[in-house]
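> Predicted model and sequence below, questions to follow.
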Amino acid sequence: MLEFGYYPGCALHGSSSDYEQSVQACLKPLGVGLKELDDWICCGATAAHTLNHMLAVSLPARNLALAERDGVTELFAPCPMCSMELIKVNRALDGNAGLRQRVSEIVELPVTGKTQILNLIQVFQRIGVDKIRATVKKPLSHVKAACYYGCLLTRPADTLQFDDPEHPRSMETVLEALGASAVEWNYATECCGAGLTMAREETVCELSHRILTNAAAHGANCLVVACPMCHTNLDMKQADIDRRYGVHHDMMVYYLSDLIGMALGLDETQLGVDKHFVVKPLESPATQAAEMH
Amino acid sequence: MSELIAQEALPGLVAKWLAQGKRVAGPSVVKPGYCLYVELKSSAQLALEGFIRPRNSIKEFVFPHHEAICRYHFSGHTVETEDCDPPQVDQVIVGARPCDAAALPILDHLFTWDYEDKFYTERRKATTVVTLACQAHDDACFCTSLDLGPAAEQGSDVLLLAVPGGYEVRCLTDKGRALFAGETRTVEQTAVVPPGPPVMVAPGTIMAFLQARYDDPMWADLALRCLGCGACAYTCPTCHCFDIVDEGTAAGGCRVKNWDCCQFAMFTQHASGHNPRSGQSQRQRQRIQHKFRIYPEKFGVMLCTGCGNCARNCPVGLGVLSTLKETAGSAPVEVGV
Amino acid sequence: MGRIGVFICWCGENIARAFDMDELTEAVAEIPGVRCAIHYKYMCSEPGQALIREKIRSEKLEAVVVASCSPHMHLKTFRAAAAAAGLNPYLVEMANIREQCSWVHEPYEDETVAKAVSIIRMTVHKVLRNRALEPIRVPLTKRALVVGGGVAGIQASLDLADSGYEVVLVEREPSIGGKMAGLSETFPTLDCSQCILTPRMVEVGQHPNIRLYTYSEVESVEGFVGNFNITIRQKARYVDIEKCTGCLECWNRCPSREAPSEFDYGLTKRKAIYVPFPQAVPARPIIDLNSCAKFLRNECGTCLKVCQANAINFDDQDMLVTEQVGAIVVATGYRMYDIGREQENAKYAGYGEYGYGQYRDVIDSLQFERLLSASGPTGGEVKRPSDGAVPKKVVFIACVGSRDNAKGIPYCSKICCMYTAKHTMLYKHKVHDGQAHVFYMDIRAGGKGYEEFVRRAIEKDGARYHRGRVSKITEENGKLIVRGADTLAGAPVTIEADLVVLAAAMRPATGVLELAQKIKLGYDEFGFLSESHPKLRPVETNTAGVYICGACHAPKDIPEAVAQASAAAGKVQVLFSKGELTREPEVASVNEQTCAACFACVRTCPYLAIDKAEIRDRQGNLRKMTARVNPSLCMGCGTCVAVCPSKSVDLEGFSEEQIYEMVNGLI
Amino acid sequence: MTGQLRERCRRLLQDGAVQVVIGYGVSTSDGMPHPIFVRRPDDVDKLIWNEQCMANLTTYLTRDAVKALGKPAIVVKGCDARALVVLEQECQIDRSAMHVIGMACAGVGSPRAPKCASCDVHVPAAADEVIGEAPAQTGPADPPYAELEEFLQKSPAERFAYWREEAARCIRCYACREVCPTCYCPRCIVDKNRPACLDTSATVKANFAWHVTRAFHQAGRCTGCGECTRVCPVGINMRLLNQSLARAADEHFGYRAGTNRETPPIIGAYGLEDKESFIR
Amino acid sequence: MSEDFEPKIVAFVCNWCTYLAADLAGTNRLEYPPNVRILRLPCTGRVDFNLIIKALEMGADAVVVSGCHPGDCHYTAGNYHARRRWILFRELLETMGIETNRIFFSWISAAESKKWQHMITEITDQIREMGPYTAYHEISEATA
């Protein structure tokens, strides 16, 4: 049985508990165990690196140190912001003995920065697309998804070294294994507005509106994400967007884990899909496109 | 009846010599497995037991591997030269093996023959050799084949023989007597000389053999495995070849006499590029012929004391003994089938 | 002891202010080997040189040391003076007591004086071991090879051919003309590219002194300056160009029309038998087997039937021919940066976000040149590839790949600013109601009339310039949505364009590295060939007898490429102006008797001047192997000496004896 | 294994596949195995193989007198075989013109030679045939440069004093040079006298220079057979110097001499990225 | 350290970069201590380690080897070859306990006259501080 270390980060224990529910639920039938780090702390996310470099290094470093303490070699961080921060620090510690020593003193634990960090997609890659395909119970032939990676899953490219930064295909590959289809569209790696959710609503709405519009225009009947922040902007803000732009997107926004769970035969309440703001049964894309105008 | 010095008194005596300003040399274990004759800085360095014999020989105290014989320096447009004087050293070699000491009278012939090499003779005169008779021997030892033995006296000024608790002191020359005067006490017991190695070759037959076999193809076979290094010659008590070179800078320099070895390809290399002994077989033959035919023909003594150092130090286990055994036809041939 | 004359120069006050010249001279006179030591106010002056000449004769000097300035300043002067007095010039050395002593140390201090004496002493010691040397003479074949038949290669070939030397011109493509043959009009004069180039191409094709090999590549290069042996691979073109009359009936009748045209960068299709473009030189067709029905399916053979001259030959094979030349000019030109996702090298990430190769109306600048060209696929009308509509809004993006450390290459491709301005102008001239937008980083318009040209594009022809990068191009409803930033306005810009033109970076032509290795040329990390000296030897290379010009050296525009080509031709002419070559004799040589033939020197030599050689006895039996220096190739660096364990290789002028003698003189 | 070896050699000589076998035989003087050259099938019984077979016989391959005997078969241990690779890279031997008999080896010498502690070539690579089985415990026991690293714990002044003592004992017999398979220059630099790069006198200065030279000429070439140190009559630990250069080659260039014939030697090559932190 | 100790510094420099830098230092009248003796060689690639040893034997208190920056070698690659040998040679010197802080390697281009001036000044001061290289000079005196 596969087991990964698990770093939920603040979002999954808070605003995006539906994501955590989805992740936990879909991994179980795949025989994957998650071992949550004891005593983890915030990764620093959007705020720390703008304030204090040592702080921005030390916060993720403490979590890395915990992982090392617990003998975790592969650490799953479902939030791409968390995983990016952790990887950044891993890279910074590698080959910089001075920084390693300094940080180890600050976090009061030895840290070498050797833990491998996995995002949601990588977890599925580790499980193996073939294994997922073999485990599918209800193929998702009705799903025509626009896979949305956002800014953080593939970027900064040289730090993350995950997929093609402009034309990622990893989610598509997983979806195909589920019997779903993925549309070619333009906004897979555009920004949704990210952390400006509260501060600059109009920007978030504009950016997310574009994404939703483009996805629908290319025939998608849902969006798939692997980031709690993207989900918040695209799902929770949809009503606001509709109001501002006088449209009715009505676009389901799934976590990748939702779709996997559904394909494995779990129902939507088990996966927390019922907690999304936009909830509707998937229809054929043609109908949906017609509704839009 | 004999004279005896107590075991514990000998270091004291060495220390006394050192305190008198004498240069004292003797066997010392420089690192595990390596016992060498060295110039002693203190009596504690002296080692008299636990080894067959040092890996080098005492010749370097009368014939050092490096000796300045003349200095020159440039002064304007002229060269000024200045002969080096033979060194004035009063030295004692203590704990020499009989096979080392016996080499000195052999070498005397060479260094006093057509020209007296003062660097050698002066040192020789100022040197007192205190020999310690052998208690043991190994496979390489063959002193008895050369009419020597564990307690041979040739070349020694004093012969020490181990007895329980000390050494029997046999002073053989005045130099020796002067060194031990008042240091010994007379006792009843006399030392028992241990047996030496069995006689393995008969040197008497060798000269004729070598004479007859100068151009024998066996030399080529014998020399195949010889690597051409100088380990045998440089640790041999009797080998004495040297080379004279100038080592200098722009200001002047020094003419030095350095050991040389007939096994080196460069030894007989002419300036023209021609080499009369161009192959290792010729060089091996030269070595044996010189030691057991040419030298005795000239000086009446073999240029060998049977110490076995050549074999012990040879990287490939070649030594004069194995060669002699073969040439004398007394032993199976193991080399160069 | 030697008879060395030491001549100490005052250099006016430059040296004399630091020493008591009499005392210095006295001290020097005491150095062993010194026959006479003399000081004089200006040793390099005619009376000074006369003094040296006189002393060489009267004192029968065997060697001379001039203690004055740097050897880089006057060694040649004094060697010539000595030669005039009958002394071999290589028996003269200089002791540098000006730049490295009197100018940098306290005057009259003991240490300063001691240093001067020491410098002179070391030099005396060196010169004692100098040997009389004679310059090395090398035979010279007065023919040149030009690799590449673009505008630079054409210019170099014609210059050389016109000055009476035979030229072998090798071009990889079926026709000469290079990139320039496909351009529309050229900046800053807007004259027609083909109009100025094609007469030159014809001249090349007809020149009695030019032997033209098209569709050919340099297979191997052996030999050295003056004596290169070139093997050329003539690739099979399946048309015998000797027999072919150029009637092009085959081309007219060929039924296939499937392959993308190389000359039009895929904007059109061409036939299986084709001439690359109407003005091609030679104007002879070639068969592309990969699109030929006869070859692929044995179905057609029309060309065979229609050819009156029997020039079609499907059994044609590659042929190897050899040519002897004395000099090589490399003019292999450039290619464009691969904009899309598929990069040959992970170092270059590419620009997937621009959708090149994905959206048909995103094209590169060479494709746009074809759209503008009167001989192009649209006959000079600007029509976009996807639907043939006339684009009303065109976005030009500069620096695609250039000046981008993250995804591209750090250097500036130099010509993009200019041709982009040209593009906007030509576009405006053809589409009067169209609007050109340009995204740029900086505008680099250094050149005669260049800045004015750009201003004209902006001010007269109304191109809108946005200083900023484009982040993404997407296609929606038949429009290309170009999203970028205008950093001067501080605002994001979104343009719904009909056509996007990417000014991709210039990169060295493919295969140039293999060629460089064959000719033994240096190249930089980007694959551009290295000149011998960036300032003073800009067209020479470190391999004697090999010259470079055009964009194989660095991005450059047509005038620069042409100027450099003429410069390279000029250098070849200088080389050819002598009956034979003479080279400095300060080269390495091997003591073959002591050489152990480990060949560390062979591996080390930067000029591949050392070969493995055999020594045989009179019966022809191999006695031993040895290293052997080719003095014609050796440049005298001496790296071989340092790696030789037995010091069996030595370098004249800086021999082991000379250097040890100097070190011994240090005290 | 001795029996097997003899049989193989008998066959090789009988078939005329080789003209001479360079192997080990027991010497009359000390009963230790020493190099022998077997040229007749009847003499193969003189060949032996045991744990005292110390010598690296590859040193004979470059000698004219041995070459004159015809095509050789040579008996090598794993460590010796590395020298074959270097000799081939340096064009000193034609590997195809010899037959290499590799002996599986668990270590030689009593006590064990220092090199055996970190041996990772118990079965010779690139031999034409191997006699014997890989010893049960293979895999290096000690890190390869342990002795050196321990030595480097000393201060530079202590190190210098150590080498001063070592150099003072050197008698310049050149056994180290002559026994070394990769010291094959027909004229050693120390024998070159115009100019004399090195003094031939056995002074401390000249001995120091000699040992620097000997070691550095082995940079990136020494295969660690340890023969120089084994044969030194006065016990100079040249192995340390060889190790320091071997370690440097390993650390800086990932290069271990004689382990891969395809990897070009590091001397005579360079890397644009070669470390240069010490260069101003 | 004795007050009047003047270090002997030997510099092996290449003809095309560092030698010209020293020339330029002269042209610019950049003053530096006169303790350095410059040996002009064609290229750092020509500098053999035996020369460094020989210089120490001759009583040098410090040795400098200097040439063109990587990529600037007049002979394309001589300095790269030199650098590779120095990397190895330094390790040997370290093992032998030879004071590597007296043996300097540098890249000084023809334009870097100031770098030359600073380096020689700095090295001279540093060696003055360290004193003569007694350890090596002693072995140069001693016989075995």
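Nice, I can see it. Bear in mind that the values here come from a model prediction, so they are computed numbers and not experimental data.

> gap between stretch C:110-117 and the chain center?
Chain-centre distance of stretch C:110-117: 46 Å, with Cα atoms, centre = their mean, to the nearest Å.

> touching chain E at all, that stretch?
Yes: contact between stretch C:110-117 and chain E, assessed by Cβ under 8 Å from any Cβ of the partner chain, occurs at C:Glu111, C:Thr112, C:Ala114, C:Lys115. C-betas here are computed from N, CA, C, even on glycine.

> Is stretch D:113-124 in proximity to chain E?
No: judged by Cβ under 8 Å from any Cβ, stretch D:113-124 and chain E are separated, with a smallest distance of 15.9 Å.

> now what about that stretch, what contacts it?
With Cβ atoms under 8 Å, 6 or more residues apart in numbering or on different chains as the test, stretch D:113-124 has contacts from D:54, D:76-82, D:100, D:102-109, D:130, D:134-135, D:138-147, D:224-226, D:230, D:239.

> Among those, name the buried ones.
The neighbour-count test (16 or more other Cβ atoms under 10 Å in any protein chain shown) marks D:54, D:76-82, D:100, D:102-108, D:130, D:144-145, D:147, D:224-226, D:230, D:239 as buried among the contacts of stretch D:113-124.

> which bits of the stretch 51-200 of chain C sit near chain B?
Residues of the stretch 51-200 of chain C lying near chain B (Cβ under 8 Å from any Cβ): C:Arg121, C:His125.

> pLDDT weak spots in the stretch 51-200 of chain C?
Residue ranges of the stretch 51-200 of chain C with pLDDT under 70: none are present.

> which residues of it fall in strands?
C:63-68, C:92-96, C:136-138, C:143-147, C:166-170, C:185-186, C:191-192 (DSSP state E, counting those that start in this stretch).

> The first one close to chain E?
No: if you take Cβ under 8 Å from any Cβ as the test, strand C:63-68 misses chain E, and the best it gets is 12.0 Å.

> In strands only, show me the buried ones among the contacts of stretch D:113-124.
Among those, the ones falling in strands (DSSP state E) are D:Val76, D:Val100, D:Gly102, D:Met103, D:Val130.

> Please name the bridge partners of the second one.
In this structure, D:Val100 bridges to D:Ile74 when assessed by DSSP bridges.

> My read is that it contacts D:Gly78, right?
No: between D:Val100 and D:Gly78 there is no contact, the gap being 11.4 Å when judged by Cβ atoms under 8 Å.

> Just the closest residue of the stretch 51-200 of chain C to chain B, please.
Nearest residue of the stretch 51-200 of chain C to chain B (Cβ to the nearest Cβ) works out as C:His125 at 5.4 Å.

> Compute the distance between the closest residue to A:Tyr7 other than its chain neighbours and chain C, please.
Sequence neighbours aside, A:Ala77 is the residue nearest to A:Tyr7 in space, at 4.5 Å (criterion: Cβ to Cβ, 6 or more residues apart in numbering or on different chains). The gap separating A:Ala77 from chain C is 25 Å, by Cβ to the nearest Cβ, to the nearest Å.

> and the end-to-end length of stretch B:208-225?
26 Å (Cα to Cα, to the nearest Å).

> quick one on the thing from earlier: the residue nearest to A:Tyr7: neighbour count?
A:Ala77 has 30 neighbours, counted by other Cβ atoms under 10 Å in any protein chain shown.

> Surely it touches A:Leu86?
Yes: using Cβ under 8 Å, A:Ala77 is in contact with A:Leu86, at 5.9 Å.

> which SSE is the residue nearest the centre of chain B in?
Nearest to the mean C-alpha position of chain B, counting by Cα atoms, centre = their mean, stands B:Pro237 at 1.4 Å. Following DSSP states H and E, there is no helix or strand that holds B:Pro237.

> got the residues of chain A near chain E?
Nowhere does chain A come near chain E, counting by Cβ under 8 Å from any Cβ.

> Outline the domain layout of chain A.
Residue ranges for the domains of chain A, per automatic domain parsing: A:2-118, A:137-292.

> Doesn't E:Val64 lie inside a strand?
Yes: counting by DSSP: H, G, I helix; E, B strand; the rest coil, E:Val64 is part of a strand.

> For it, give me the pLDDT.
If you check E:Val64, the pLDDT there is 97.

> which residues does the residue nearest to it when sequence neighbours are not counted bridge with?
Among residues not flanking E:Val64 along the chain, E:Ala11 sits closest, at 4.0 Å (Cβ to Cβ, 6+ apart). Beta-bridge pairing of E:Ala11 under DSSP bridges involves E:Ile38, E:Val64.

> my guess is E:Ala11 contacts E:Leu41, does it?
No: using Cβ under 8 Å, E:Ala11 is not in contact with E:Leu41, being 10.2 Å away.

> Now do the strands in chain E.
In chain E, the segments counted as strands under DSSP E are E:9-14, E:36-41, E:62-67, E:103-107.

> Need those strands in TSV (columns: distance to C:Ile241).
Below are the strands of chain E laid out as TSV (distance: least, Cβ to Cβ, whole Å):
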stretch	distance to C:Ile241
strand E:9-14	52
strand E:36-41	55
strand E:62-67	53
strand E:103-107	54
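
> What does B:Gly166 show for phi and psi?
phi 170, psi -160 (degrees, to the nearest 10).

> same thing with the one 3 residues further on?
As for B:Val169, its main-chain torsions (degrees, to the nearest 10) stand at phi -110, psi 120.
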